[in-house]
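Trainee: next one to model:
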Amino acid sequence: MSTDSPLVAHAHAKREGGADRPIVEVAVGVLVRGDGAFLLTSRPHGKPYAGYWEFPGGKLEAGESVEQALRRELHEELGIEIGAAQPWRTEMVDYPHALVRLHFCKVFEWAGDLQMREAQRFSWEQLPVGVVPVLPGTVPVLNWFAAERQHLGATHLVADDA
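Mentor: Predicted coordinates:
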């Protein structure tokens, strides 16, 4: 499932690359434990939106499938080997720094202990998410979880400066 028009993050900010900028394809892992908690990681320093919380993943390299990219990225970032990646939903997000197509995959099985190889932080969360600020591209996923879990009310806290 994808939206017809992209989610626009920080609409007031100038878009790098103008109107004809390319779409960046990104594989995103939604790791879910048996108790329903899901993994969020903070964006590393030096990257756009540093310190914001997101689902882990990264850009597809030339010739990679979404699942191949997800396996590579989660190994590089978190030091884990994932089992089956179940394609879930796709979302376009128009960030000031890039226009991205996020390919969200649910992952229920993985091996290895989490290692934050990019000096990021991690948190196992339930709804409502308690870490702030949450990356704009993460919010739709929280809404999808809320619908699936029949969660009423807020899905996350909003930081004063976000």
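
Trainee: which residues are in contact with the spatially most central residue of the chain?
Mentor: For the chain, the residue nearest the mean C-alpha position is Phe55 (3.2 Å; CA atoms, centre = their mean). Counting by CB atoms under 8 Å, 6 or more residues apart in numbering, Phe55 makes contact with Val28, Gly29, Val30, Leu31, Phe38, Leu39, Leu40, Thr41, Phe104, Thr138, Val141. All C-beta spots, glycine's among them, are computed from the backbone N, C-alpha and C.

Trainee: same check, this time on Ala98
Mentor: Contact partners of Ala98, counting by CB under 8 Å, 6+ apart, are Glu16, Gly17, Arg21, Val24, Pro48.

Trainee: show me the strands in this structure, by range?
Mentor: For the chain, the strands defined by DSSP state E occupy 7-8, 23-31, 38-42, 53-54, 57-59, 81-82, 85-94, 99-107, 110-111, 122-125.

Trainee: rewinding a little: which one of the contacts of Ala98 is nearest Gly83?
Mentor: Nearest to Gly83, judged by CB to CB, of the contacts of Ala98 is Val24 at 26.3 Å.

Trainee: burial of that closest one, as a residue count?
Mentor: 15 (other CB atoms under 10 Å).

Trainee: confirm for me that it is in contact with His103.
Mentor: No: if you go by CB atoms under 8 Å, Val24 and His103 don't touch, sitting 11.2 Å apart.

Trainee: so where is this protein shaky, pLDDT-wise?
Mentor: Filtered on pLDDT under 70, the chain yields the residue ranges 1-4, 161-162.

Trainee: longest helix of it?
Mentor: Longest helix of the chain, by residue count under DSSP state H: helix 66-78.

Trainee: and the angle for that one with strand 85-94?
Mentor: 80 degrees (axes from the mean of the first three to the mean of the last three CA atoms, to 10 degrees).

Trainee: and helix 66-78, what does it pack against?
Mentor: For helix 66-78, the elements it packs on are strand 23-31, strand 57-59, strand 81-82, strand 85-94, strand 99-107, judged by 3 or more CB pairs under 8 Å, 6 or more residues apart in numbering; DSSP states H and E.

Trainee: which residues touch the fourth one?
Mentor: Contacts with strand 85-94, where a contact means CB under 8 Å, 6+ apart, come from 1-3, 5-9, 15, 23, 29-30, 66-67, 70-71, 99-108, 136-137, 140-141, 144.
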